[in-house]
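J.: what follows is a predicted structure for the sequence shown.
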Amino acid sequence: MSESQQYDAVIIGSGQGGNPLAKALAAAGRKTAVIEREHAGGTCVNEGCTPTKTMVASARAAYIARRAADYGVETGPVSVDMSVVRGRKRDIVDKFRGGNEKGLESADNLDLIMGEARFIGPKELEIQLNDGGTLEIAAENIFINVGARPGEVPVDGLGAVPYLDSTSIMELDEVPEHLIVLGGGYIGLEFSQMFRRFGSEVTIVQRGPQLLAREDSDIAEAVADILDDDGVEVLLQTEASSVEQDDNGKIHLTVNAPDGERTIEGSHLLVAAGRPPNTDLLNLGAAGIETDKRGFVTVNGKLETNVAGVYAIGDVKGGPAFTHISYDDYRVLKTNLLDGGDASVADRVVAYTVFMDPQLGRVGLSETEAEERGRTVKVVKMPMTSVARALEYDESRGLMKALVDAETGEVLGAAVLGMEGGEIMSMIHIAILGKLPYTVLRDGAFAHPTLAESFNSLFAMVEE
């Protein structure tokens, strides 16, 4: 490869939206390059979905083993070997990562370049190659797909304490004695429950008045109840002010709580409070690419930046930071750039699942969002204790909640905190995509005994 090279398209970052986009562009005859600084596959494969859900599965196995007597099954003491948990996680990540690398390297008309990219002009990039040297390339279309990373928090003394983030915590080879978690968002909750099930004492420190700040308060309260039931200590409206480590390696976190200042002593500290975008090293100013005040790249409904021909996809553009959203970004771009379509992200129905146990599946509007938008809705709620399948499996914690448009009867949103909540939510997602009235779910003859038949009871509560 020469020192300077022209491409038709360049994707910076090999995430779950960038990879299929690169292959589609290459297959369409466009000379394409993917620039990746570390591992193919992006956050999902390497530090996000794949490794965390692998470890969630191990934690659930420990949880079920300890509950075996509830089902009439006698077992001995349960212990967790974190080196085995970690090894299983690494094996699956390596397999998925290898598949991503092989897919890129084997594609015709596509170059995988390992290095760090920065803009030196609107359509020009300089790459610091991982194996040494630099490379300058240019392209008519550039796609920014660099994702985000674990954030930091303004706590005095944090730089002098060996704290964990969402990546490094998965490399522990022992179960922490007492894990302190800064942050009550999706990431913090998954790790909190996970390590509680592995055998750690766990304390969550949440600055806001509830866990999961974007959820309705009733859902957040139900989540807190589940964590409390599991033995996780949850401190709300509590802000960390300073932290230090003593000579014995113990961590002392000083917090300001509603009842005054206190110090929490733990063995490990996880910082899980936000994920800033990886735009700081891209030198976006050289290309004139605009960002918001947090550094996320600003895009329109077709994912194009203020610079024509330069796009941003995935977490780096802000908004919902989920793998399936990144993949949907790819579909929008493919539709518009290769298929002659006119797709937009403007009316996308957002769905996601928090992989605590039981899962929290969410789709469409929450009750709070509906109120903010002035929508007139009917809200129905039903506890999972009313779901036969959940009772039969002794997994009846949580609730189901749905929103119905008061005028059209269309289902607008739902939160399912319960057994297989993500899968049940997905059925409601299909109904929303099809603009179906709630009566279809109310009157459907769903198989018995499945979780889906609970729709009959839930939507029968909608007042005519």
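T.: Noted; the coordinates are in hand. Numbers count the residues shown, from 1 in each chain.
J.: alpha carbons only for contacts and neighbour counts from here, please
T.: Noted.
J.: need the contact list for residue 101.
T.: Residues in contact with residue 101 (C-alpha atoms under 8 Å, 6 or more residues apart in numbering) are 40-41.
J.: can you rerun that using 6 Å?
T.: Neighbouring residues of residue 101 by C-alpha atoms under 6 Å, 6 or more residues apart in numbering: residue 40.
J.: in which helix or strand does it reside?
T.: In this assignment (DSSP states H and E), residue 101 forms part of helix 82-105.
J.: what are the buried residues along that helix?
T.: Judged by neighbour count (16 or more other C-alpha atoms under 10 Å), helix 82-105 contains these buried residues: 82, 85-86, 88-90, 92-93, 96-97, 100-101, 104.
J.: again, but for stretch 435-452
T.: With burial defined by 16+ other C-alpha under 10 Å, the residues of stretch 435-452 counted as buried are 436-439, 441-442, 451-452.
J.: next, count neighbours for residue 220.
T.: Around residue 220 there are 18 other residues, counting by other C-alpha atoms under 10 Å.
J.: domain assignment for the chain?
T.: Segmentation of the chain into domains, based on automatic domain parsing, reads 4-149+276-337, 158-271, 351-459.
J.: nearest to residue 345, out of these?
T.: Shortest distance between residue 345 and the domains of the chain, using C-alpha to C-alpha, is found for domain 4-149+276-337: 5.2 Å.
J.: follow-up on the earlier one: can you tell me the average pLDDT over the helix holding residue 101?
T.: In this model, helix 82-105 carries a mean pLDDT of 95.
J.: any chance of a markdown table for the buried residues of stretch 435-452, columns distance to residue 43 and secondary structure?
T.: As requested, those are exported to a markdown table (distance: C-alpha to C-alpha, whole Å; DSSP: H, G, I helix; E, B strand; the rest coil):
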| residue | distance to residue 43 | secondary structure |
| --- | --- | --- |
| 436 | 35 | coil |
| 437 | 37 | strand |
| 438 | 37 | helix |
| 439 | 40 | helix |
| 441 | 36 | helix |
| 442 | 39 | helix |
| 451 | 32 | coil |
| 452 | 32 | coil |
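J.: which among those gets closest to residue 171?
T.: Among the buried residues of stretch 435-452, and counting by C-alpha to C-alpha, the member closest to residue 171 is residue 451, at 35.7 Å.
J.: what packs against the host helix or strand of residue 428?
T.: Using DSSP H and E, residue 428 sits in helix 421-433. Counting contacts by 3 or more C-alpha pairs under 6 Å, 6 or more residues apart in numbering; DSSP states H and E, helix 421-433 is packed against strand 359-364.
J.: quick one: strands adjacent to the strand it packs on?
T.: Strand pairing for strand 359-364, determined by DSSP bridges: strand 351-354 (antiparallel), strand 411-418 (antiparallel).
J.: okay, the ones you listed, which one's buried deepest?
T.: Among the strands paired with strand 359-364, strand 411-418 has the highest mean neighbour count (mean count of other C-alpha atoms under 10 Å), at a mean of 28.
J.: now do it: everything it contacts.
T.: Contacts of strand 411-418 (C-alpha under 6 Å, 6+ apart): 358-365, 398-404, 432, 438.
J.: kindly recompute the last result at 8 Å.
T.: The contact list for strand 411-418, computed with C-alpha under 8 Å, 6+ apart, reads 219, 223, 357-366, 384, 395-405, 422, 424-425, 428-429, 431-432, 435-438.
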